[in-house]
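# This is a predicted model, with the sequence first.
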Amino acid sequence: MSRKSKWITPFVKQSFVTSGVTLNLAGHGICNGFAAILLPQLKTPDSPIPIDDSSGSWIVSVSGFALVIGNFIIPLIMGKYGRRIANMASLIPMILGWVGIILATNIPMLIVSRLLQGLSMGMGTTLGPVLIGEYTSPKNRGAFLTVISVMISVGVLVVHTLGSYLHWQTTAVYCTFISLADFIIVLLSPESPSWLADRGKYDESKKVFRWLRGDGEEHELERMIQTRLEEEIKIGVKETKSVLTTLKHRKVYLKTLFKRKEFYKPIIIMIHIYTLSQWAGVNILITYTVDLLDRVVSNNVNLALLIITLDSQRIISNIIGVYFIKKKRRRSMLMVTGLLAVTAMLATALYSYLKQQDLVDNPLIGILLLHFHMLTVGFGSLPICYIIAGELFPLEFRSIAGGISVLFHSTSFFIIVKTVPFLFKTIGLHGAYCLYSFVVIYCLLVSWKLLPETKDKTLQEIEDEFRGVSENEKTVELLPMESTV
């Protein structure tokens, strides 16, 4: 074996292909964090594009509206053309959006550019966890999925740091090059073996699977192909049908689809986990950083330094979270970090109320509370969301189920970033945080009731658990495999 082939291990290959996904999602952090440095610069007296609170909130939140459109588009591309093509397609609007911001001379150009970026984010949010789940080994899957939140945090830190010292259009130039580099990585990556198997390209699926995983995970490969062959037999894919017969079959299929536990249960679970991750306050910390610091700390501190330290702490929290998520059960991590997020928001709400009543005003307490809140977000409530999203959905309808559930992620994002200025002015930061805490507690209760443990299980084992397939049934089903594959 050559020296080159010794270090190009399956882990290195998985790291390369997932970097195309995680860098894409880092672009989401860059895009969201960009708003925090864009709005203050546009509000300066010498700004070439003057804005008010209303136009500013639209510039920030319009990407959340476009997220929903991206959620609808990407399942079709994922299912028909493959994950790799879908990943490339999701990057094109992001690149065009950055170019639009660089050339922007008025508010409509900024809004259109942010719409394009929101479209890209909606596509990538659905695609990212699914693709990483299909690319990686069960033992590494949790860590790779946690890297999503690490890269989003890195993206936020990068754009906040650049924007603290550079003009917003210069910052956008650097962001464009990051997206272009990501496009090249995706272009060089293979297609997902799961999608290839789902399309009946079994030989190609085996080749890519073994290239990514080596020869030590044949059981998962065999079980995946066996399940697809069984589905082909059930729905008669190999039979020649008339158009009318095909339409009738589609109608029956759709009627029965929503009765299947492996379809609707993961969707219900992910709706609540996506909602939890958004209402835990992550996008307030990222997008309205300056406003939040002004209300909780004061305007007499070095805001640029505080923003950078918050972003840096989030990255450290994400990295620590990688270790704990690899060691601990998913359900336990979700509950612990979710409750910590609630505690952080309620403590911040109490301090904000007391500060508003002039009963206390200690900048150090405010800084510590914001760091505690950021810790809960970086440590668990955000990364655990992407991990579970990459593990729950069965292959047969991974695209459509992921698209449906992530709609609630996008809707929550839009509602939160659009209403933050209004809520802060009407019920105050303390009122808004109490509202967010109530939503998070509700989502935690539902998730704890419905979510199965997924740690160290293959995607096929998780699918079988939702389908209610017992271990004995799996063994029997695998017996003919020797002659089939």
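Happy to help now that I have it.

# Quickly note the distance from Phe177 to Gly124.
Distance check for Phe177 against Gly124: by C-beta to C-beta, to the nearest Å, it reads 18 Å. Where you see a C-beta, it was placed from the backbone N, CA and C, and this is true even at glycine.

# The two: who's more crowded?
In terms of neighbours (other C-beta atoms under 10 Å), Gly124 is the more surrounded of Phe177 and Gly124; the figures are 28 against 11.

# Burial check on Leu359, number of neighbours?
Using other C-beta under 10 Å, Leu359 has 9 other residues around it.

# likewise Phe422?
Residues contacting Phe422 under the criterion other C-beta under 10 Å number 12.

# Which helix or which strand is home to it?
Here Phe422 is covered by helix 398-426, with elements defined by DSSP states H and E.

# who does that helix touch, helix- and strand-wise?
With contacts defined as 3 or more C-beta pairs under 8 Å, 6 or more residues apart in numbering; DSSP states H and E, the secondary structure elements packing on helix 398-426 are helix 53-81, helix 107-135, helix 261-279, helix 282-287, helix 289-296, helix 383-389, helix 428-450.

# could I get the ones you listed as a markdown table with distance to Ile92?
Compiled in a markdown table, those are given as follows (distance: least, C-beta to C-beta, whole Å):
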| stretch | distance to Ile92 |
| --- | --- |
| helix 53-81 | 11 |
| helix 107-135 | 8 |
| helix 261-279 | 25 |
| helix 282-287 | 24 |
| helix 289-296 | 29 |
| helix 383-389 | 23 |
| helix 428-450 | 33 |
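
# and Ser90, which of those helices is closest to it?
Comparison of the helices and strands packed on helix 398-426 against Ser90 by C-beta to C-beta identifies helix 107-135 as nearest, at 3.6 Å.

# Downstream of the closest one, the next helix or strand is which one?
Once helix 107-135 ends, the next helix or strand along the chain (criterion: DSSP H and E) is helix 138-165.

# quick one: low-confidence parts of the stretch 1-150 of the chain?
1-6 (pLDDT under 70).

# List the buried residues in the helix holding Phe422.
Of all the residues in helix 398-426, those buried under the rule 16 or more other C-beta atoms under 10 Å are 398-414, 416-418, 420-421, 423-424.

# mean confidence for stretch 467-476?
Per-region confidence: stretch 467-476 scores 55 on mean pLDDT.

# do stretch 418-437 as well
Stretch 418-437 shows a mean pLDDT of 89.

# Distance from the chain centre to that stretch, please.
Centroid separation between stretch 418-437 and its chain, computed with C-alpha atoms, centre = their mean, to the nearest Å, is 24 Å.

# end-to-end on it?
In stretch 418-437, first residue to last residue: 18 Å (C-alpha to C-alpha, to the nearest Å).

# With stretch 99-110 instead?
First-to-last distance for stretch 99-110 - C-alpha to C-alpha - comes to 10 Å.

# And it, how far out from the chain middle?
On the basis of C-alpha atoms, centre = their mean, stretch 99-110 is displaced by 26 Å from the centre of the chain it belongs to.

# Over to stretch 178-191?
Taking C-alpha atoms, centre = their mean, the mean C-alpha location of stretch 178-191 is offset from the chain mean by 18 Å.

# Give me the nearest residue to the residue nearest the centre of the chain, chain neighbours excluded.
If you average the C-alpha coordinates of the chain and look for the closest C-alpha using C-alpha atoms, centre = their mean, you land on Thr125, 4.4 Å from that point. Leaving aside its sequence neighbours, Thr125 sits nearest to Val406 (C-beta to C-beta, 6 or more residues apart in numbering; 5.4 Å).

# mind checking the SS state of Glu453?
Per DSSP: H, G, I helix; E, B strand; the rest coil, the secondary structure class of Glu453 is coil.

# and if you look at Ser189?
Counting by three-state DSSP, the three-state call for Ser189 is coil.

# what's the burial count for it?
Using other C-beta under 10 Å, the number of residues around Ser189 comes to 21.

# Next, give phi and psi for it.
The phi/psi pair for Ser189 (degrees, to the nearest 10) reads phi -90, psi 150.

# contacting residues around it?
Counting by C-beta atoms under 8 Å, 6 or more residues apart in numbering, Ser189 makes contact with Phe16, Val17, Gly20, Arg84, Asn87.

# Quick one: closest of the helices and strands packed on helix 398-426 to Ile365.
helix 289-296 (8.8 Å).

# elements contacting that closest one?
Packing contacts for helix 289-296, counted by 3+ C-beta pairs under 8 Å, 6+ apart, involve helix 10-42, helix 303-327, helix 330-356, helix 363-376, helix 398-426, helix 428-450.
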